[in-house]
Every structure is written in C-alpha cells, then in structure tokens.
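Visitor: Based on what follows, work out the 3D shape:
(one chain, ligands or ions: 3)
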Amino acid sequence: MLLLVDAGNTRIKWAIAAQDAAPGDWTAHGAVPHAELDRLQAAWAGHGLTYAVVSNVAGHAMQAQLAALLAPLLPVPPHWFTSRAALNGLRNGYRHPAQLGSDRFAAALGARSLAPGKALVVATCGTATTVDAVSAAGDFIGGMILPGLGLMLGALARGTAQLPQVAPGADAYAAPPTFADHTSDAILSGCLAAQAGAIERACAALPADLCIVSGGAAASVAPLLSVPHWMLDNIVLVGLHAVAPLLAAETASP
Ligand SMILES: Nc1ncnc2c1ncn2[C@@H]1O[C@H](COP(=O)(O)OP(=O)(O)O)[C@@H](O)[C@H]1O
Ligand SMILES: CC(C)(COP(=O)(O)O)[C@@H](O)C(=O)NCCC(=O)O
Ligand SMILES: [K+]
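Guide: Ligands and ions are numbered 1, 2, ... in the order given. As a prediction, the model looks like this:
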C-alpha cells in the first residue's frame, strides 16, 4: 500500500491507497494539525505500507518528525517529493524549478491528471492561498501566493484596535452579503472577496477552461466563484498518487 502525505503549514493531510487505485479512491485518509502529529503513528500502522511519497512545506523539524514516525512503518525510506524542471509531462516554468513549493507542483500534477489537455487554474486555499496556471499543453506557467483566509482574518484582528478575530467554524465562515451591515460580516466579505477575486482574475488572465479549488478553506471560497470550477478535498494528494509509480521506478533504478 502507498502512503501519500501533504504536510502544510497548518495541517498534515494523508491518504493510503492501493498502487492501482483511481485518484481519490483512498483506503484510509485523514488530517491532523501539527500539534497532533503523534496520532499519525496509530493511523498509519497495520496498513502494510510499502512506499511513501511526502510533500513537506512545513520545514526541517517537520521532516525530521515525519522521518522518525515513518522509519518503523516502511521497508524503504520515504520519497521526499520536491519540485523539478519536468515530471509526467508537466514542465515547470519557475525560474528556479526547485524553489516552487512541492505542494504546488504536486497540485498541478494532480489537476492535470484529472483534466488533461485543459488550461487550468489550480487554487489551493490553505495557510497561504496559491493560485497557479497550467497551460493546456502542460506548462506550469507560474502563479500567485497570498495570505490564506485564516491569515487574512488574523492579520486584521492583530493589526487594528477595533476589529475582532473572526473565528474559524462553520457559522463564522458562511458566505456573508457582499455589502455587509456589521463588522464581522464586513471582514468576512472582504477576505472572501480577496480570495475569490484573485482566483477569478487568474482564470480571466490565463484564460482557464477550468479552475480546481482545494485546501482547508476551499469550501468557504468556492461558493463565491463565478468561474467553472471543481472543488476537491486534496488535490496535492491526488498529484502525489499520480506520480508515485514514476518516483518508485526512479528509486529502483536511479
Ligand atoms: N472551518 C473552516 N472553514 C474555513 N476555512 C478553514 C476552516 N478551518 C480551517 N480553515 C482554513 O484552512 C487552513 C488550513 O488548510 P490546509 O489546507 O490544511 O492548510 P495547509 O496545507 O497550509 O496546512 C487554515 O489556515 C484556515 O485558513
Ligand atoms: C506557498 C506555500 C507557503 C503554501 O503552503 P501551505 O499554505 O500549503 O502551507 C508553500 O507552497 C511554499 O512554501 N512555497 C515555496 C515558495 C514558492 O512556491 O514559490
Ligand atoms: K496552499
């Protein structure tokens, strides 16, 4: 069984899949905040893991913790996925290909595996929101990085005297009217419009045939979008799944 891990700056998302399973057809999956990393050992044990592909944008300490967790569970070291100049028909247009966040490259690979031959905007609404362009021919053109919804809400509360912290949670994130009549809805309206506006501008600029929206805040942002879009739970894991056989083959014959 394959283990796929997307370690972001807020949560570690993971899925276990059979080698030949369809994208998103997970045997088991979950997400934990950084503080609850210890829970992963139990979640991952007993699945007969043979290989793991890990995208980590959360720093060296996170990599060390994940390596320690995985060592007793795997017959071979995990593959630490990084962005490269080209993979699986996707060419990376970043000036320095390895500088591109591994989660962004994986998300683009995942989007292309689900919608080949389409001009795509891939938006991942996590700690940061990234909005990336992939051409129909398979070029990762580049993208935008903006504060994620939670960071935007927090920045307003921290940087002002009169604005409250709008807390995460189903009610708090329900879409407010565009022109709100009280403070917390006005904050939400502004921050959601910033997120959705960036995505819509990217779709117009490409122009995109389709937008793929994913990440922890996707369910809040996607309803505002006036462009054709698919909302997916975790496009990064789909991308890691799509290239896992290629990466495993490289390890076998480097
Ligand atoms: N209930 C919620 N509704 C909307 N957004 C949320 C909610 N809970 C968390 N979020 C947002 O999702 C982000 C975490 O998403 P995730 O995709 O796991 O991020 P990362 O990949 O950076 O770890 C948080 O920073 C926050 O902005
Ligand atoms: C932009 C990111 C912080 C997003 O991280 P996330 O919100 O998923 O935790 C991450 O992809 C990253 O650190 N990227 C490196 C710089 C770049 O992609 O240009
Ligand atoms: K992101």
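Visitor: Name the nearest residue to Ile187, ignoring sequence neighbours.
Guide: Of all residues not flanking Ile187 in the chain, Val166 sits nearest, at 5.3 Å (C-beta to C-beta, 6 or more residues apart in numbering). To be clear about C-beta, it is placed using only N, CA and C from the backbone, and glycine gets the same treatment.
Visitor: and the one you found, what does it touch?
Guide: Counting by C-beta atoms under 8 Å, 6 or more residues apart in numbering, Val166 makes contact with Leu153, Ala157, Ala172, Ser184, Ile187, Leu188.
Visitor: how about 6 Å then?
Guide: Residues in contact with Val166 (C-beta atoms under 6 Å, 6 or more residues apart in numbering) are Leu153, Ala172, Ser184, Ile187, Leu188.
Visitor: So which of those residues is surrounded by the most neighbours?
Guide: Counting neighbours by other C-beta atoms under 10 Å, Leu153 comes out on top of the contacts of Val166 with 26 neighbours.
Visitor: contacts for the host helix or strand of Gly190?
Guide: Applying DSSP states H and E as the criterion places Gly190 in helix 183-205. Helix 183-205 is contacted by residues 121, 123, 129, 131, 144, 146, 149, 152-153, 156, 166, 176, 178, 180, 211, 221, 224-225, 227 when judged by C-beta under 6 Å, 6+ apart.
Visitor: pLDDT value on the residue nearest to Gln99 when sequence neighbours are not counted, please?
Guide: Once flanking residues are discounted, Gln99 sits nearest to Ser83: 7.5 Å by C-beta to C-beta, 6+ apart. Listed pLDDT for Ser83 reads 98.
Visitor: number of nearby residues for Ser83?
Guide: 22.
Visitor: That one: what's it in contact with?
Guide: Applying C-beta under 6 Å, 6+ apart, the residues contacting Ser83 are Asn92, Pro97, Ala98, Leu100, Ser102, Phe105.
Visitor: which ones among those are found in helices?
Guide: Counting by DSSP state H, the part of the contacts of Ser83 found in helices is Ser102, Phe105.
Visitor: Now the phi/psi pair for the closest residue to Pro23 other than its chain neighbours, please.
Guide: In this structure, Pro23 finds its nearest non-sequential neighbour in Val238, 4.7 Å apart by C-beta to C-beta, 6+ apart. The phi and psi values for Val238, taken as degrees, to the nearest 10, are phi -60, psi -40.
Visitor: Then Ala133?
Guide: Torsion angles, degrees, to the nearest 10, at Ala133: phi -110, psi 130.
Visitor: Specify the beta-bridge partners of it.
Guide: Beta-bridge pairing for Ala133 (DSSP bridges): Val121, Gly142.
Visitor: Next, count neighbours for it.
Guide: 22.
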